[in-house]
Structures are given as C-alpha cells and as structure tokens.
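Trainee: Got a predicted model here, sequence first, then my questions.
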Amino acid sequence: MAKLLKGAPVAARLTEETAAHAAALRARGIVPTLCLIRVGERADDLSYERGLLKRAASAGVDVRKVVLDAVCSQAELMSAIASANADPAVHGILMFRPLPASLDEAAACEAVAPEKDVDCLTQASLAGVFAGSGEGYAPCTADAVMHLLAEAGVPLEGARVTVVGRSLVIGRPVAMMLQAANATVTMCHSKTRDLARCCREADVLVVACGRARMVGADCVRPGQVVVDVGINWDESAGRLVGDVDFDAVEPVVDAITPVPGGVGSLTTAVLMKHVVQAAERVAARTKGGIA
C-alpha cells in the first residue's frame, strides 16, 4: 500500500508559519491584504472563494472582494484591476478565471501589477519562474506541488522527474521549479510517443494533463512518487477523480497524492504565503517599515 501524500497537514503547517509572519507585519502597522476579483457567480468560483476566505482568516490575511456582473464590460474589469493596483493597502491580486468569453482575459491578466501578481497571471511572473530569478510568484498549484514534495522529504537533486502536461498554469512552471531544485526533468503530453515508458522511467511523476485517469498501471513502477494535480468530475462514479487512475496505480507505487485531498487542498495556503511575502517586500522597501 502506497503512502498517501495528503495536502491538509502540509497546508496547516504552512498556514501557521504564514500567520506568524502576518502577525509580525501587523505589529508594524502593515495588514497583509488580498484583493479578490470575481466576475459572475460561477459555482466553482464561489466554492473556492469560501475555502479561500477561511484560509485567509487563519493566516492573518485580510481579503477585499470586488464582484462584477457576469455581463460587465472590459472597461469595468480593467478599472477594478487598476484600482487594486493603485491601492497601497492591497498587496496581492487574485482574479478568478476563466473569465466570460465576452472579456479579453489575456489583457486583464497583463493589467495586474507584477509585484501584486500572487498567482502568476502575468508574463512577467512567468518569466521570473522560468529564469529562476526569485522575482514574482509561481502559480499557486505549481508551488503547492513543490511544498508537498518537500514536506514528504522526496529527494529532488539528481532525481529523474517526468511531468505530464505542458500548460502555463502547472506543467511548464512546475518543470522549471523542479529543474531549479536540480532534478532532471522530462516534459510529456498527450502526443508523446510511448508515454507509458517515459512515465515508468521517472523517480517522481507529476501528472497535470487534465484528462481523467489518463495515467494507469502501465505508466508506473514500484519505488515511484506520484503527484496527481488533476481534478475531474466522473459522471459515472459521481465523484471527483484525478488524472491518475488511483485504484490501479496506488498498489504499485511507493507514494501518491489522493484526489481530492492532495495538491488542491494546499493551494489556498500557498496563496496566503504569497500575499504575506508581497507585504513583506513592501515593508522592506518602505522607510520605517510602515506601508
């Protein structure tokens, strides 16, 4: 039986650490603050928002909500972003995506001030991740993968890691972060020839392809650590499943993340860490430490 790499205990420890940093900032008159921009009332957005607000309260982060109508104009959205950019009391901006098709999502993302881009919406943040410069913030989900592996004590230096998925949200940035940790990374996708062999060769397998149960028992071997980033709704089973066929893979590998309960349960904790880090950077740039 594989060891389950659950996100909740890691999230709890990270939140405790973040809360300590937030308390230190508050003692200096700086309140770490996230501006949440939501367009419409999508059920998944609302669900994530509820979890985010609970996590923020535990981490000592204030949240300001800006809610726009689902049929708002591009100008209204850009104005909301500009206001958050200009507000010195706001340290981080999170815009829920995807936006309605009537809006230019790329333009909205690029309008976010890079220093407040706590979930890697902008090209500037991605460039920082790819360059390994330490500037900007990685996508929260990609950062959550790294936290989970670190907490589990998985050695990455010199390890062979296969990443299945090449999106700018998870696949590519997590591959860059793994390389920065001195892993040897192979990136695969749905068009990769002999995908199963590429997966089996890895010491660590990170799957973020967006296809339910795409990775099965033929893709794994004993001794591996498998991180399943996928979240898919299985109509026939009536439940959430990952991109990995958990029932088939779990008996084979050494460790695996469950879905739900794995990477996804850690993302809001990472987001709060990024907001507090952004506030600390403001404090470091401000004379006297008062923002």
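Mentor: That came in fine, so what should we check first?
Trainee: only C-alpha atoms for contact and neighbour calcs from this point on.
Mentor: Fine.
Trainee: Hmm, residue 225 is touching residue 207, no?
Mentor: No: the criterion here is C-alpha atoms under 8 Å, and residue 225 misses it with residue 207 at 11.0 Å.
Trainee: just checking, residue 90 touches residue 34?
Mentor: Yes: between residue 90 and residue 34 there is a contact under C-alpha under 8 Å: 6.0 Å.
Trainee: of those two, who's got more company?
Mentor: More neighbours surround residue 34 than the other of residue 90 and residue 34, with 28 against 22 (other C-alpha atoms under 10 Å).
Trainee: what touches both of residue 90 and residue 34?
Mentor: With contacts defined as C-alpha atoms under 8 Å, 6 or more residues apart in numbering, no residue is shared by residue 90 and residue 34.
Trainee: what about the closest residue in space to residue 228 that isn't next to it in sequence, neighbour count?
Mentor: Once flanking residues are discounted, residue 228 sits nearest to residue 207: 5.1 Å by C-alpha to C-alpha, 6 or more residues apart in numbering. The local packing of residue 207 (other C-alpha under 10 Å) involves 27 other residues.
Trainee: Next up, the contacts around residue 207.
Mentor: By C-alpha under 8 Å, 6+ apart, residue 207 lies in contact with 163-165, 215, 226-230, 243-244.
Trainee: ok, it to residue 154 distance?
Mentor: Taken as C-alpha to C-alpha, to the nearest Å, the spacing of residue 207 relative to residue 154 amounts to 16 Å.
Trainee: What of residue 168?
Mentor: In this structure, residue 168 lies at 24 Å from residue 154, with C-alpha to C-alpha as the measure.
Trainee: How far does stretch 195-205 sit from its chain's centre?
Mentor: On the basis of C-alpha atoms, centre = their mean, to the nearest Å, stretch 195-205 is displaced by 23 Å from the centre of the chain it belongs to.
Trainee: average pLDDT across that stretch?
Mentor: Along stretch 195-205, the predicted local confidence has a mean pLDDT of 97.
Trainee: Now do the end-to-end distance for that stretch.
Mentor: End-to-end distance (C-alpha to C-alpha), stretch 195-205: 12 Å.
Trainee: which outside residues touch that stretch?
Mentor: Under C-alpha under 8 Å, 6+ apart, the answer for stretch 195-205 is 159-164, 186, 188-189, 215, 218-221, 223-227.
Trainee: can you tell me which of these are in strands?
Mentor: Those of the contacts of stretch 195-205 mapping onto strands are 160-164, 186, 188, 225-227, per DSSP state E.
Trainee: Show me what the helix or strand that residue 272 is a member of is packed against.
Mentor: When secondary structure is defined by DSSP states H and E, residue 272 falls within helix 267-285. Secondary structure elements in contact with helix 267-285, counted by 3 or more C-alpha pairs under 8 Å, 6 or more residues apart in numbering; DSSP states H and E, are helix 7-27, strand 33-39, helix 43-59, strand 92-95, helix 140-151.
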